[in-house]
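> Sharing a sequence plus its predicted fold:
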Amino acid sequence: MFFLEIHIFMLQHTFSFLRELVANNHKEWFDAHRDQYLKAKQEYFHFIDLLIDEIRNFDPSIGSVTASDCVFRIYRDVRFSADKTPYKNHFGAYIAQGGRKSILSGYYFHIEPAGSGYLNHSLWAGGVYNPDAHVLKAVRTDIYENTDEYKDIIYHKAFTGCFKWFDGSPVKTVPKGFPNNFVDVALIKPRDFSFYRNIDEALLKSDQLMEKSIEVFKKMLPFNRFMNRAIRYHQELES
């Protein structure tokens with residue numbers, strides 16, 4: 001029971017801190033509750049380290065990353081934003097080789113109280129988010145050259161029954177460098193290739209969260225492998 005109990009406590013405390021932060025997102029409150037923040041951070045990092053170990057069991061390509069490599073800072077960069085609230089209302093971790101700055105397709109775990117103003121929900125996510133032009137071209141090229149393989153992945157019932165696509169801001173015309181008569185051109189129009197599944201708040205307080213997270217992330221593996229084949233090939237060409 002100890003393994004389950006530590007996970008229940010960890011996520012309850014972290015979620016409770018975020019709920020309070022949503023209502024008190026200013027430096028004075030944060031400074032006065034820094035101990036609470038540090039405890040929540042420690043608990044979230046511990047959960048992510050355990051999650052990384054579990055993901056590495058079925059996807060060793062993520063390498064030797066730790067939570068310190070993968071968790072995003074809670075402090076917002078407000079220099080160019082009209083929203084000057086100093087802290088994020090969520091904890092997020094991007095698990096891939098290279099950690100949170102990786103250009104590779106990976107696994108994202110996000111905890112956020114509903115209605116807090118960012119994604120407004122906790123979720124699992126995967127794929128390639130906001131790639132640069134070179135990576136985007138590499139991914140589109142691999143989809144174009146291996147269309148049937150890609151369709152087998154994204155239209156498989158294990159994928160369609162689990163995930164929804166982020167918008168991806170698709171281009172309106174055929175991407176430059178691809179033929180106008182490509183039958184499946186809609187597959188290469190998105191500007192990013194990322195998807196998600198919402199996490200019910202009740203699950204965050206459940207002893208089933210780790211088990212469910214692994215179940216969901218395993219369903220991302222074929223997609224991530226497809227994407228990373230293209231991205232790593234692009235990296236080899238650039239090196």
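Received it, and whenever you're ready, just let me know what you need. A quick note: this is a predicted structure, and the numbers were derived from the prediction, not measured. Residues are numbered from 1 along each chain as shown.
> burial measure for Ser206, as a count.
By the criterion of other CB atoms under 10 Å, Ser206 has 16 neighbours. Where you see a C-beta, it was placed from the backbone N, CA and C, and this is true even at glycine.
> Just say helix, strand or coil for it.
What DSSP: H, G, I helix; E, B strand; the rest coil gives for Ser206 is coil.
> can you pull the pLDDT of it?
Ser206 is assigned 84 on the pLDDT scale.
> contacting residues for the residue located most distally from the centre of the chain?
The centre of the chain is farthest from one residue, Asn181, which by CA atoms, centre = their mean lies 33.6 Å away. Contact partners of Asn181, counting by CB atoms under 8 Å, 6 or more residues apart in numbering, are absent.
> is it fair to say it lies in a strand?
No. Per three-state DSSP, Asn181 lies outside any strand segment and is coil.
> Could I get the phi/psi values of it?
Main-chain torsions, Asn181, degrees, to the nearest 10: phi -100, psi 20.
> In space, not sequence, find me the middle residue of this structure.
For the chain, the residue whose C-alpha lies nearest the mean C-alpha position (CA atoms, centre = their mean) is Tyr108; its distance is 2.2 Å.
> what helices or strands is the helix or strand hosting that residue leaning on?
Assigned by DSSP states H and E, Tyr108 belongs to strand 106-111. Counting by 3 or more CB pairs under 8 Å, 6 or more residues apart in numbering; DSSP states H and E, the packing neighbours recorded for strand 106-111 are helix 2-23, helix 34-58, strand 91-95, strand 123-128, helix 209-238.
> Including mean pLDDT, mean neighbour count and distance to Ser116, could those go into a markdown table?
Below are those laid out as a markdown table (pLDDT from 0 to 100; neighbours: other CB atoms under 10 Å; distance: least, CB to CB, whole Å):
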| stretch | mean pLDDT | mean neighbour count | distance to Ser116 |
| --- | --- | --- | --- |
| helix 2-23 | 72 | 16 | 5 |
| helix 34-58 | 95 | 17 | 15 |
| strand 91-95 | 97 | 24 | 12 |
| strand 123-128 | 97 | 23 | 13 |
| helix 209-238 | 92 | 18 | 19 |
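> out of these, which comes closest to Ala138?
helix 209-238 (3.7 Å; CB to CB).
> relative to strand 91-95, how tilted is that closest one?
With axes from the mean of the first three to the mean of the last three CA atoms, to 10 degrees applied, the angle from helix 209-238 to strand 91-95 works out at 50 degrees.
> Parallel or antiparallel, which strands does the strand holding Tyr108 pair with?
Partners of strand 106-111 in the sheet, by DSSP bridges, are strand 91-95 (antiparallel), strand 123-128 (antiparallel).
> Those: which one's closest to Pro170?
strand 123-128 (14.2 Å).
> How far away from the center of its chain is that closest one?
How far strand 123-128 lies from its chain's middle: 4 Å, per CA atoms, centre = their mean, to the nearest Å.
> now swap in stretch 79-95 and tell me
Taking the mean of its C-alpha atoms, stretch 79-95 sits 15 Å from the chain's own mean (CA atoms, centre = their mean).
> So which residues make contact with that stretch?
14, 18, 21-22, 25-27, 30, 40-41, 44, 48, 51-52, 55, 62, 65, 67, 70-76, 78, 100, 102, 106-113, 116-119.
> Check those for burial and list the buried ones.
Among the contacts of stretch 79-95, those buried by neighbour count (16 or more other CB atoms under 10 Å) are 14, 18, 21-22, 25, 30, 40-41, 44, 48, 51-52, 55, 62, 65, 67, 70-72, 74, 100, 102, 106-113, 116, 119.
> In this structure the residue nearest to the centre of the chain contacts Ser122, no?
No. In this structure Tyr108 lies outside contact range of Ser122 using CB atoms under 8 Å: 11.2 Å.
> Many thanks, I have nothing further to ask.
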